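1. Build me a structure from this.
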Amino acid sequence: MKSKSFQIIVRVALAAAALYFFASRASLLKTYATGRDSIQYWAAGRLLLQRGNPYDVNAVFDLEAKQGPIGDRGDMAARRQHVPRIPPWSLFLTLPLGFLDVYWGWLSWMAVSIASLVITMRFCREMFVGDADAGSLAVLVGYTFAPVLACIAAGQIGLLLLLGIVLFLRFESDRPFIAGAALFLPFSKPHLLSLFWIALALWIVARKKWAIARGFAATFLTAMCVVLLFDPAIFQHYHEQLNSVAIGSEFIPSLAGVLRALFLRRVFWAQFVPVTIASIWCVWFFLRNRSIWDWRVQGLTVMVVSVLVTPYAWITDEVVLLPAILQAAVYVYAARERAVFKTACAVAIFASLNALLLLMVVSKVPITSAVYFWSSLLWFSWHLYGRSRRKIGQERGATEP
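-> This is a model prediction of the structure:
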(Lines give C-alpha, C1' and ligand atoms only; values in the text may rest on other atoms or scores of the structure.)
Protein backbone atom coordinates (compact mmCIF):
# COMPACT_ATOMS: atom_id res chain seq x y z
CA MET A 1 0.00 0.00 0.00
CA LYS A 2 2.82 2.40 0.88
CA SER A 3 4.56 1.56 -2.37
CA LYS A 4 1.42 2.33 -4.36
CA SER A 5 0.92 5.63 -2.55
CA PHE A 6 4.54 6.55 -3.21
CA GLN A 7 4.09 5.82 -6.94
CA ILE A 8 1.03 8.09 -7.04
CA ILE A 9 2.95 10.89 -5.31
CA VAL A 10 5.86 10.53 -7.74
CA ARG A 11 3.54 10.64 -10.76
CA VAL A 12 1.73 13.73 -9.47
CA ALA A 13 5.06 15.42 -8.80
CA LEU A 14 6.33 14.59 -12.30
CA ALA A 15 3.11 15.86 -13.86
CA ALA A 16 3.38 19.11 -11.86
CA ALA A 17 7.03 19.52 -12.90
CA ALA A 18 6.15 18.96 -16.56
CA LEU A 19 3.29 21.46 -16.34
CA TYR A 20 5.62 24.06 -14.78
CA PHE A 21 8.24 23.44 -17.47
CA PHE A 22 5.83 23.97 -20.36
CA ALA A 23 4.15 26.96 -18.69
CA SER A 24 7.45 28.73 -17.95
CA ARG A 25 8.71 28.25 -21.50
CA ALA A 26 5.50 28.99 -23.35
CA SER A 27 6.92 31.98 -25.22
CA LEU A 28 9.94 29.98 -26.44
CA LEU A 29 7.93 26.91 -27.52
CA LYS A 30 5.10 28.82 -29.20
CA THR A 31 7.13 29.05 -32.42
CA TYR A 32 7.42 25.28 -32.48
CA ALA A 33 3.66 24.92 -31.94
CA THR A 34 2.85 27.15 -34.92
CA GLY A 35 4.90 24.93 -37.20
CA ARG A 36 2.88 21.76 -36.54
CA ASP A 37 -0.20 20.53 -38.40
CA SER A 38 -2.11 20.77 -35.13
CA ILE A 39 -2.40 24.53 -35.71
CA GLN A 40 -4.85 23.70 -38.50
CA TYR A 41 -7.05 21.85 -36.02
CA TRP A 42 -6.74 24.72 -33.55
CA ALA A 43 -7.72 27.27 -36.20
CA ALA A 44 -10.70 25.16 -37.28
CA GLY A 45 -11.89 24.86 -33.67
CA ARG A 46 -11.45 28.59 -33.02
CA LEU A 47 -13.32 29.61 -36.19
CA LEU A 48 -16.10 27.15 -35.49
CA LEU A 49 -16.57 28.56 -31.98
CA GLN A 50 -16.72 32.04 -33.52
CA ARG A 51 -19.45 30.82 -35.91
CA GLY A 52 -17.06 31.26 -38.81
CA ASN A 53 -16.17 29.00 -41.73
CA PRO A 54 -13.38 26.58 -40.66
CA TYR A 55 -12.68 25.80 -44.34
CA ASP A 56 -12.23 29.43 -45.42
CA VAL A 57 -8.70 29.64 -46.84
CA ASN A 58 -8.14 33.31 -46.02
CA ALA A 59 -9.75 33.19 -42.58
CA VAL A 60 -7.73 30.14 -41.53
CA PHE A 61 -4.47 31.51 -42.91
CA ASP A 62 -4.92 34.95 -41.33
CA LEU A 63 -5.75 33.40 -37.96
CA GLU A 64 -2.69 31.17 -38.11
CA ALA A 65 -0.48 34.04 -39.36
CA LYS A 66 -1.31 36.05 -36.24
CA GLN A 67 0.40 33.36 -34.18
CA GLY A 68 3.70 33.62 -36.07
CA PRO A 69 5.26 33.50 -39.56
CA ILE A 70 3.86 30.54 -41.50
CA GLY A 71 4.34 31.32 -45.18
CA ASP A 72 3.88 33.66 -48.11
CA ARG A 73 0.70 35.69 -47.59
CA GLY A 74 0.32 36.28 -51.31
CA ASP A 75 0.67 32.66 -52.42
CA MET A 76 -2.85 31.18 -52.54
CA ALA A 77 -1.52 27.66 -53.15
CA ALA A 78 0.55 27.93 -49.97
CA ARG A 79 -2.44 29.28 -48.06
CA ARG A 80 -4.53 26.27 -49.04
CA GLN A 81 -1.96 23.99 -47.41
CA HIS A 82 -2.92 25.48 -44.03
CA VAL A 83 -6.61 24.58 -44.25
CA PRO A 84 -7.66 21.34 -42.49
CA ARG A 85 -8.82 18.63 -44.90
CA ILE A 86 -10.69 16.53 -42.38
CA PRO A 87 -14.44 16.10 -43.10
CA PRO A 88 -17.10 18.13 -41.23
CA TRP A 89 -17.97 15.49 -38.64
CA SER A 90 -14.34 15.35 -37.50
CA LEU A 91 -14.40 19.05 -36.59
CA PHE A 92 -16.14 17.85 -33.45
CA LEU A 93 -12.69 16.71 -32.28
CA THR A 94 -11.15 20.14 -32.90
CA LEU A 95 -13.76 22.16 -31.01
CA PRO A 96 -12.08 21.91 -27.56
CA LEU A 97 -8.86 23.33 -29.01
CA GLY A 98 -10.70 26.53 -29.90
CA PHE A 99 -11.08 27.42 -26.21
CA LEU A 100 -7.29 27.54 -25.80
CA ASP A 101 -4.52 29.65 -27.31
CA VAL A 102 -2.38 28.07 -30.01
CA TYR A 103 0.37 26.96 -27.62
CA TRP A 104 -1.83 25.24 -25.07
CA GLY A 105 -3.93 23.86 -27.90
CA TRP A 106 -0.83 22.19 -29.34
CA LEU A 107 0.23 20.95 -25.92
CA SER A 108 -3.23 19.50 -25.25
CA TRP A 109 -3.23 17.86 -28.69
CA MET A 110 0.16 16.29 -27.96
CA ALA A 111 -1.03 15.08 -24.56
CA VAL A 112 -4.11 13.42 -26.10
CA SER A 113 -2.00 11.88 -28.87
CA ILE A 114 0.58 10.43 -26.49
CA ALA A 115 -2.17 9.16 -24.17
CA SER A 116 -3.78 7.49 -27.19
CA LEU A 117 -0.48 5.79 -27.99
CA VAL A 118 -0.03 4.54 -24.42
CA ILE A 119 -3.59 3.17 -24.29
CA THR A 120 -3.09 1.57 -27.69
CA MET A 121 0.08 -0.17 -26.57
CA ARG A 122 -1.59 -1.47 -23.43
CA PHE A 123 -4.52 -2.97 -25.33
CA CYS A 124 -2.26 -4.41 -28.04
CA ARG A 125 -0.16 -6.18 -25.43
CA GLU A 126 -3.33 -7.57 -23.91
CA MET A 127 -4.64 -8.79 -27.28
CA PHE A 128 -1.49 -10.07 -28.98
CA VAL A 129 1.24 -10.80 -26.45
CA GLY A 130 1.57 -14.13 -24.67
CA ASP A 131 4.68 -13.80 -22.48
CA ALA A 132 6.83 -11.17 -20.79
CA ASP A 133 9.71 -11.38 -23.28
CA ALA A 134 7.35 -10.83 -26.20
CA GLY A 135 5.81 -7.97 -24.24
CA SER A 136 9.15 -6.19 -24.04
CA LEU A 137 9.62 -6.74 -27.76
CA ALA A 138 6.17 -5.29 -28.47
CA VAL A 139 7.03 -2.17 -26.47
CA LEU A 140 10.27 -1.73 -28.41
CA VAL A 141 8.62 -2.25 -31.81
CA GLY A 142 5.60 -0.10 -30.97
CA TYR A 143 7.43 2.96 -29.70
CA THR A 144 10.03 2.87 -32.49
CA PHE A 145 7.50 2.36 -35.30
CA ALA A 146 8.44 5.16 -37.72
CA PRO A 147 4.88 6.48 -38.35
CA VAL A 148 4.47 6.99 -34.58
CA LEU A 149 7.34 9.48 -34.45
CA ALA A 150 6.23 11.08 -37.72
CA CYS A 151 2.71 11.54 -36.37
CA ILE A 152 3.88 13.11 -33.10
CA ALA A 153 6.41 15.35 -34.84
CA ALA A 154 3.83 16.64 -37.31
CA GLY A 155 1.05 17.04 -34.75
CA GLN A 156 -1.22 14.96 -37.00
CA ILE A 157 -4.48 13.20 -36.10
CA GLY A 158 -3.22 9.67 -36.82
CA LEU A 159 -2.87 8.49 -33.21
CA LEU A 160 -6.55 9.23 -32.56
CA LEU A 161 -7.45 7.16 -35.62
CA LEU A 162 -5.26 4.38 -34.23
CA LEU A 163 -6.96 4.55 -30.84
CA GLY A 164 -10.36 4.10 -32.47
CA ILE A 165 -9.18 1.03 -34.38
CA VAL A 166 -7.68 -0.59 -31.28
CA LEU A 167 -10.78 0.12 -29.16
CA PHE A 168 -12.86 -1.56 -31.85
CA LEU A 169 -10.57 -4.61 -31.91
CA ARG A 170 -10.67 -4.82 -28.11
CA PHE A 171 -14.43 -4.40 -27.55
CA GLU A 172 -16.22 -5.66 -30.67
CA SER A 173 -16.95 -9.05 -29.11
CA ASP A 174 -18.15 -8.09 -25.63
CA ARG A 175 -19.08 -4.37 -25.83
CA PRO A 176 -20.26 -3.86 -29.40
CA PHE A 177 -21.89 -0.45 -28.87
CA ILE A 178 -18.64 1.00 -27.50
CA ALA A 179 -16.71 -0.66 -30.32
CA GLY A 180 -19.01 0.93 -32.88
CA ALA A 181 -18.75 4.33 -31.21
CA ALA A 182 -14.93 4.09 -31.31
CA LEU A 183 -15.04 3.74 -35.10
CA PHE A 184 -16.00 7.40 -35.29
CA LEU A 185 -12.31 8.21 -34.76
CA PRO A 186 -10.84 6.41 -37.82
CA PHE A 187 -13.78 7.69 -39.88
CA SER A 188 -12.04 11.07 -39.73
CA LYS A 189 -10.13 9.78 -42.77
CA PRO A 190 -12.52 7.25 -44.34
CA HIS A 191 -10.48 6.91 -47.55
CA LEU A 192 -7.49 5.58 -45.60
CA LEU A 193 -9.26 2.34 -44.59
CA SER A 194 -11.76 2.02 -47.43
CA LEU A 195 -11.46 -1.78 -47.55
CA PHE A 196 -12.00 -1.93 -43.79
CA TRP A 197 -15.35 -0.16 -44.16
CA ILE A 198 -16.40 -2.52 -46.96
CA ALA A 199 -15.57 -5.57 -44.84
CA LEU A 200 -17.26 -3.99 -41.81
CA ALA A 201 -20.51 -3.42 -43.69
CA LEU A 202 -20.51 -6.99 -45.02
CA TRP A 203 -19.71 -8.35 -41.55
CA ILE A 204 -22.46 -6.35 -39.82
CA VAL A 205 -25.06 -7.62 -42.28
CA ALA A 206 -23.79 -11.22 -42.32
CA ARG A 207 -23.45 -11.51 -38.52
CA LYS A 208 -26.33 -9.12 -37.67
CA LYS A 209 -24.01 -6.98 -35.55
CA TRP A 210 -26.50 -4.13 -35.32
CA ALA A 211 -25.15 -2.88 -31.98
CA ILE A 212 -21.91 -1.97 -33.76
CA ALA A 213 -23.87 0.02 -36.33
CA ARG A 214 -25.93 1.73 -33.62
CA GLY A 215 -22.84 2.75 -31.68
CA PHE A 216 -21.21 4.25 -34.76
CA ALA A 217 -24.40 5.98 -35.91
CA ALA A 218 -25.11 7.48 -32.48
CA THR A 219 -21.61 8.94 -32.18
CA PHE A 220 -21.54 10.17 -35.77
CA LEU A 221 -24.94 11.87 -35.52
CA THR A 222 -24.08 13.47 -32.17
CA ALA A 223 -20.85 14.89 -33.55
CA MET A 224 -22.60 16.13 -36.70
CA CYS A 225 -25.36 17.85 -34.73
CA VAL A 226 -22.82 19.68 -32.56
CA VAL A 227 -20.87 20.89 -35.61
CA LEU A 228 -24.06 21.97 -37.41
CA LEU A 229 -25.07 24.06 -34.39
CA PHE A 230 -21.97 26.19 -34.93
CA ASP A 231 -22.01 26.18 -38.75
CA PRO A 232 -25.27 25.09 -40.42
CA ALA A 233 -23.64 25.45 -43.85
CA ILE A 234 -20.64 23.29 -42.99
CA PHE A 235 -21.15 20.80 -45.85
CA GLN A 236 -21.40 23.58 -48.40
CA HIS A 237 -18.19 25.11 -47.01
CA TYR A 238 -16.46 21.73 -47.14
CA HIS A 239 -17.54 21.18 -50.75
CA GLU A 240 -16.22 24.60 -51.76
CA GLN A 241 -12.91 23.87 -50.04
CA LEU A 242 -12.52 20.55 -51.87
CA ASN A 243 -13.12 22.25 -55.19
CA SER A 244 -10.53 24.94 -54.46
CA VAL A 245 -7.78 22.64 -53.19
CA ALA A 246 -7.39 20.73 -56.46
CA ILE A 247 -5.90 17.57 -54.95
CA GLY A 248 -5.68 16.09 -58.43
CA SER A 249 -2.69 18.28 -59.23
CA GLU A 250 -0.77 17.26 -56.10
CA PHE A 251 1.76 14.45 -55.84
CA ILE A 252 0.81 12.00 -53.09
CA PRO A 253 3.72 9.85 -51.78
CA SER A 254 1.69 6.64 -51.76
CA LEU A 255 1.98 3.59 -54.00
CA ALA A 256 -1.03 4.75 -56.03
CA GLY A 257 0.42 8.24 -56.30
CA VAL A 258 3.76 6.97 -57.55
CA LEU A 259 2.16 4.64 -60.13
CA ARG A 260 0.10 7.51 -61.44
CA ALA A 261 3.13 9.83 -61.56
CA LEU A 262 5.10 7.25 -63.53
CA PHE A 263 2.51 6.19 -66.09
CA LEU A 264 -0.58 8.46 -66.14
CA ARG A 265 0.48 11.75 -64.59
CA ARG A 266 -2.40 13.81 -65.98
CA VAL A 267 -5.16 11.26 -65.33
CA PHE A 268 -6.43 11.74 -61.78
CA TRP A 269 -8.75 8.74 -61.79
CA ALA A 270 -5.74 6.46 -62.32
CA GLN A 271 -4.89 7.01 -58.66
CA PHE A 272 -8.05 5.08 -57.74
CA VAL A 273 -7.34 2.00 -59.85
CA PRO A 274 -5.42 0.10 -57.10
CA VAL A 275 -8.14 0.64 -54.48
CA THR A 276 -10.86 -0.33 -56.98
CA ILE A 277 -9.15 -3.63 -57.74
CA ALA A 278 -8.48 -4.18 -54.04
CA SER A 279 -12.16 -3.58 -53.23
CA ILE A 280 -13.09 -6.54 -55.41
CA TRP A 281 -10.44 -8.60 -53.63
CA CYS A 282 -11.82 -7.46 -50.26
CA VAL A 283 -15.33 -8.74 -51.06
CA TRP A 284 -13.88 -12.07 -52.21
CA PHE A 285 -11.62 -12.29 -49.15
CA PHE A 286 -14.54 -11.66 -46.79
CA LEU A 287 -16.83 -14.15 -48.46
CA ARG A 288 -14.10 -16.78 -48.38
CA ASN A 289 -13.43 -16.22 -44.66
CA ARG A 290 -16.86 -15.11 -43.42
CA SER A 291 -17.41 -18.22 -41.30
CA ILE A 292 -14.14 -17.72 -39.38
CA TRP A 293 -13.87 -13.94 -39.64
CA ASP A 294 -11.87 -12.40 -36.80
CA TRP A 295 -10.98 -8.71 -36.82
CA ARG A 296 -7.71 -9.43 -35.03
CA VAL A 297 -6.66 -11.80 -37.82
CA GLN A 298 -8.37 -11.27 -41.18
CA GLY A 299 -9.33 -7.71 -40.23
CA LEU A 300 -5.70 -6.67 -39.80
CA THR A 301 -4.86 -8.05 -43.23
CA VAL A 302 -7.65 -5.98 -44.76
CA MET A 303 -6.32 -2.85 -43.06
CA VAL A 304 -2.76 -3.43 -44.26
CA VAL A 305 -3.94 -3.89 -47.85
CA SER A 306 -6.21 -0.86 -47.54
CA VAL A 307 -3.32 1.42 -46.57
CA LEU A 308 -1.19 -0.10 -49.33
CA VAL A 309 -3.68 0.83 -52.08
CA THR A 310 -5.20 4.03 -50.68
CA PRO A 311 -5.16 6.89 -53.18
CA TYR A 312 -4.33 9.52 -50.58
CA ALA A 313 -2.12 9.08 -47.51
CA TRP A 314 1.06 10.20 -45.79
CA ILE A 315 3.43 8.27 -43.54
CA THR A 316 1.69 9.84 -40.53
CA ASP A 317 -1.54 8.07 -41.53
CA GLU A 318 0.19 4.68 -41.59
CA VAL A 319 0.33 4.71 -37.79
CA VAL A 320 -3.07 2.94 -37.88
CA LEU A 321 -1.18 -0.24 -38.85
CA LEU A 322 0.58 -0.47 -35.48
CA PRO A 323 -1.58 -3.44 -34.29
CA ALA A 324 -0.72 -5.41 -37.46
CA ILE A 325 2.98 -4.63 -37.07
CA LEU A 326 2.98 -5.70 -33.42
CA GLN A 327 1.06 -8.87 -34.15
CA ALA A 328 3.55 -9.83 -36.87
CA ALA A 329 6.45 -9.13 -34.50
CA VAL A 330 4.95 -11.44 -31.87
CA TYR A 331 4.47 -14.23 -34.42
CA VAL A 332 8.05 -13.86 -35.67
CA TYR A 333 9.40 -13.85 -32.11
CA ALA A 334 7.44 -16.97 -31.15
CA ALA A 335 8.81 -18.85 -34.17
CA ARG A 336 12.38 -17.56 -33.80
CA GLU A 337 13.91 -21.03 -33.32
CA ARG A 338 12.62 -22.24 -36.67
CA ALA A 339 14.43 -21.10 -39.82
CA VAL A 340 16.78 -19.01 -37.69
CA PHE A 341 18.78 -17.51 -40.56
CA LYS A 342 15.69 -16.62 -42.57
CA THR A 343 14.06 -15.03 -39.52
CA ALA A 344 17.21 -13.09 -38.65
CA CYS A 345 17.42 -11.72 -42.19
CA ALA A 346 13.76 -10.68 -42.20
CA VAL A 347 14.08 -8.95 -38.82
CA ALA A 348 17.30 -7.21 -39.87
CA ILE A 349 15.73 -5.91 -43.09
CA PHE A 350 12.60 -4.68 -41.32
CA ALA A 351 14.57 -3.04 -38.49
CA SER A 352 16.99 -1.37 -40.90
CA LEU A 353 14.31 0.05 -43.18
CA ASN A 354 12.22 1.22 -40.24
CA ALA A 355 15.35 2.88 -38.82
CA LEU A 356 15.91 4.57 -42.19
CA LEU A 357 12.40 5.99 -42.06
CA LEU A 358 13.02 7.17 -38.51
CA LEU A 359 16.19 8.89 -39.65
CA MET A 360 14.29 10.60 -42.45
CA VAL A 361 11.69 11.87 -39.98
CA VAL A 362 14.33 13.08 -37.52
CA SER A 363 16.18 14.77 -40.40
CA LYS A 364 12.95 16.64 -41.17
CA VAL A 365 12.48 15.23 -44.66
CA PRO A 366 9.00 16.60 -45.59
CA ILE A 367 6.30 13.96 -45.38
CA THR A 368 5.17 15.10 -48.84
CA SER A 369 8.46 13.85 -50.29
CA ALA A 370 8.38 10.98 -52.77
CA VAL A 371 11.08 9.14 -50.80
CA TYR A 372 8.40 7.87 -48.41
CA PHE A 373 6.37 6.03 -51.07
CA TRP A 374 7.77 2.59 -50.17
CA SER A 375 6.82 2.67 -46.48
CA SER A 376 3.43 1.01 -47.02
CA LEU A 377 5.18 -1.75 -49.00
CA LEU A 378 7.44 -2.39 -46.00
CA TRP A 379 4.50 -2.75 -43.59
CA PHE A 380 2.67 -4.99 -46.07
CA SER A 381 5.71 -7.27 -46.49
CA TRP A 382 6.33 -7.46 -42.74
CA HIS A 383 2.69 -8.33 -42.09
CA LEU A 384 2.76 -11.10 -44.71
CA TYR A 385 5.97 -12.54 -43.28
CA GLY A 386 4.57 -12.45 -39.76
CA ARG A 387 1.42 -14.25 -40.87
CA SER A 388 3.55 -16.91 -42.57
CA ARG A 389 5.09 -17.62 -39.14
CA ARG A 390 1.70 -17.75 -37.46
CA LYS A 391 1.26 -21.53 -37.22
CA ILE A 392 4.77 -22.00 -35.89
CA GLY A 393 4.14 -19.24 -33.37
CA GLN A 394 0.96 -20.92 -32.16
CA GLU A 395 2.87 -24.13 -31.54
CA ARG A 396 5.22 -22.17 -29.25
CA GLY A 397 2.35 -20.59 -27.34
CA ALA A 398 1.86 -17.21 -29.00
CA THR A 399 -1.46 -15.67 -28.07
CA GLU A 400 -3.96 -16.15 -30.85
CA PRO A 401 -6.55 -13.38 -31.03
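2. Give the burial count for E172, as a bare number.
-> Using other CB atoms under 10 Å, E172 has 24 other residues around it. Every residue, glycine included, has its C-beta placed from N, CA and C.
3. could you measure the closest residue to it other than its chain neighbours against S352, distance?
-> The shortest distance from E172 to any non-neighbouring residue, by CB to CB, 6 or more residues apart in numbering, is to A179 (4.1 Å). A179 sits 36 Å away from S352 when distances are taken as CB to CB, to the nearest Å.
4. just checking, the residue nearest to E172 touches V166?
-> No: the pair A179 / V166 is not scored as a contact, 10.5 Å apart, by CB atoms under 8 Å.
5. quick one: low-confidence parts of the stretch 251-400 of the chain?
-> Confidence mapping of the stretch 251-400 of the chain against pLDDT under 70 gives the ranges 251, 265, 339, 391-400.
6. residue closest to the middle of the chain?
-> Residue closest to the mean C-alpha point of the chain, counted by CA atoms, centre = their mean, is G158 at 2.8 Å.
7. Buried ones in whichever strand or helix holds F61, by neighbour count?
-> In this structure, F61 is located in helix 57-65 according to DSSP states H and E. Applying a neighbour-count criterion of 16 or more other CB atoms under 10 Å, the buried positions in helix 57-65 are V57, A59, V60, F61, L63, E64.
8. helices and strands around it, which ones?
-> The criterion is 3 or more CB pairs under 8 Å, 6 or more residues apart in numbering; DSSP states H and E, and the helices and strands that helix 57-65 contacts are helix 38-49, helix 76-80.
9. could you point out which element follows the helix or strand harbouring G105?
-> Taking DSSP H and E as the criterion, the element that holds G105 is helix 102-128. The helix or strand immediately downstream of helix 102-128 is helix 132-143, counting by DSSP H and E.
10. circling back to that earlier point, A179 and S352: which is more packed in?
-> With neighbours defined as other CB under 10 Å, A179 and S352 compare such that A179 has more, 23 against 10.
11. Mind pulling up the pLDDT for that one?
-> The score at A179 is 96. That number is its pLDDT.
12. which residues does it contact?
-> Residues touching A179, when contacts are defined by CB atoms under 8 Å, 6 or more residues apart in numbering, comprise L167, F168, R170, F171, E172, I212, G215.
13. ok, P311 - contacts?
-> Taking CB under 8 Å, 6+ apart, one finds H191, I252, S254, A256, G257, Q271, F272, P274, V275 in contact with P311.
14. no wait, R214
-> Taking CB under 8 Å, 6+ apart as the definition of contact, the neighbours of R214 are F177, G180.
15. which stretch of helix or strand covers it?
-> Applying DSSP H and E as the criterion places R214 in helix 210-230.
16. and that helix, which residues are buried?
-> A211, I212, A213, G215, F216, T219, F220, A223, M224, V227, F230.
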